[in-house]
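Undergrad: just coords:
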């Protein structure tokens with residue numbers, strides 16, 4: 001309404017909006033070192049005017065919403081790269097263990113045993129002594145050494161396979177726990193956003209989605225109601 005009371009109303013509304021703006025800024029500053037936090041900003045609009053005496057009078061400013069400064073496409077790309085990185089890291093670790101088993105650095109691994117066998121064959125082929133008993137014995141020893149090396153490698157690689165399978169199985173409880181957490185946050189976001197954007201809950205859900213993507217390859221699809229569908233690729 002025009003007049004003194006109307007002026008006080010506009011000032012009061014402006015102070016309330018400014019207080020919320022300061023609160024939003026303080027929330028951003030407090031979470032400056034939080035890697036899972038997304039900056040928030042206040043969206044303002046004109047308050048509904050009033051009509052009196054055939055004229056419209058402005059009633060100041062109002063807060064429309066608090067929104068996240070967030071790019072959905074960037075987040076989806078981040079999830080894909082997180083999954084790719086997790087997969088590459090696991091493969092690199094497995095290959096490093098295989099490399100250690102094969103022991104090709106100091107020449108005492110599989111290639112060294114094969115080279116020794118070829119040298120024994122070459123020595124036997126070029127032997128000049130009758131019967132070449134020494135060269136034949138060396139060849140048998142090289143062959144037995146290669147067989148022993150292959151058996152040892154087989155045993156170690158099977159042990160590594162069991163360990164890798166065990167490590168994968170050990171992640172299942174964590175995957176299940178994250179899945180339950182994401183589902184609970186889905187429900188909370190759906191309930192909260194009937195009133196206002198659930199920015200902090202969405203941050204928590206995104207953090208859990210990124211953690212899950214680091215464990216297994218996932219696909220994420222956000223629904224119009226704010227919930228996300230997560231499927232294993």
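TA: Cool, the structure landed. Note that the structure is predicted; figures quoted are calculated from it, not measured.

Undergrad: All the helices of this protein, residue numbers only.
TA: 4-30, 72-102, 110-125, 133-192, 199-213 (DSSP state H).

Undergrad: quick one: buried residues of the last one?
TA: So that's helix 199-213. Neighbour-count burial for helix 199-213, counted by 16 or more other C-beta atoms under 10 Å, picks out 199-213. In this view, the C-beta of every residue, glycine as well, is placed from N, C-alpha and C.

Undergrad: now do the first one
TA: Taking 16+ other C-beta under 10 Å as the neighbour-count basis, helix 4-30 is seen to contain the buried residues 6, 9, 10, 13, 17, 24.

Undergrad: ok so, going back, and the buried residues of helix 199-213, which is closest to residue 90?
TA: Of all those, residue 90 sits closest to residue 213, with 13.1 Å by C-beta to C-beta.

Undergrad: can you tell me how far the closest one sits from residue 125?
TA: Residue 213 sits at a distance of 58 Å from residue 125 (criterion: C-beta to C-beta, to the nearest Å).

Undergrad: where are the low-confidence patches of the protein?
TA: Within the chain, the segments meeting pLDDT under 70 span 1-4, 6, 103-108.

Undergrad: of all the buried residues of helix 4-30, which two lie farthest apart?
TA: Most distant of the buried residues of helix 4-30, by C-beta to C-beta, are 6 and 24, 27.3 Å apart.

Undergrad: can you count the residues close to residue 38?
TA: For residue 38, the neighbour count with other C-beta atoms under 10 Å is 19.

Undergrad: Skipping adjacent residues, who's closest to it in space?
TA: Using C-beta to C-beta, 6 or more residues apart in numbering and skipping residues adjacent in sequence, the residue nearest residue 38 is residue 68, 4.6 Å away.

Undergrad: Ok, residue 121 next?
TA: Per C-beta to C-beta, 6+ apart, closest to residue 121 is residue 139, 6.4 Å.

Undergrad: ok, the one you found - contacts?
TA: Listed by C-beta atoms under 8 Å, 6 or more residues apart in numbering, the contact partners of residue 139 are 117, 120, 121, 123, 124.

Undergrad: tally of neighbours for the nearest residue to residue 174 once chain neighbours are set aside?
TA: Leaving aside its chain neighbours, residue 174 sits nearest to residue 215 (6.4 Å; criterion: C-beta to C-beta, 6+ apart). Counted with other C-beta under 10 Å, residues neighbouring residue 215 total 17.

Undergrad: gap between residue 215 and residue 112?
TA: Counting by C-beta to C-beta - residue 215 and residue 112 are separated by 38 Å.

Undergrad: ditto for residue 35
TA: Per C-beta to C-beta, residue 35 is found 48 Å from residue 112.

Undergrad: So the two - more neighbours on which side?
TA: Applying other C-beta under 10 Å to residue 35 and residue 112 shows that residue 112 carries more neighbours, namely 16 against 7.

Undergrad: unless I'm mixing things up, residue 28 is touching residue 38, no?
TA: No - at 9.5 Å, residue 28 does not count as touching residue 38 under the criterion of C-beta atoms under 8 Å.
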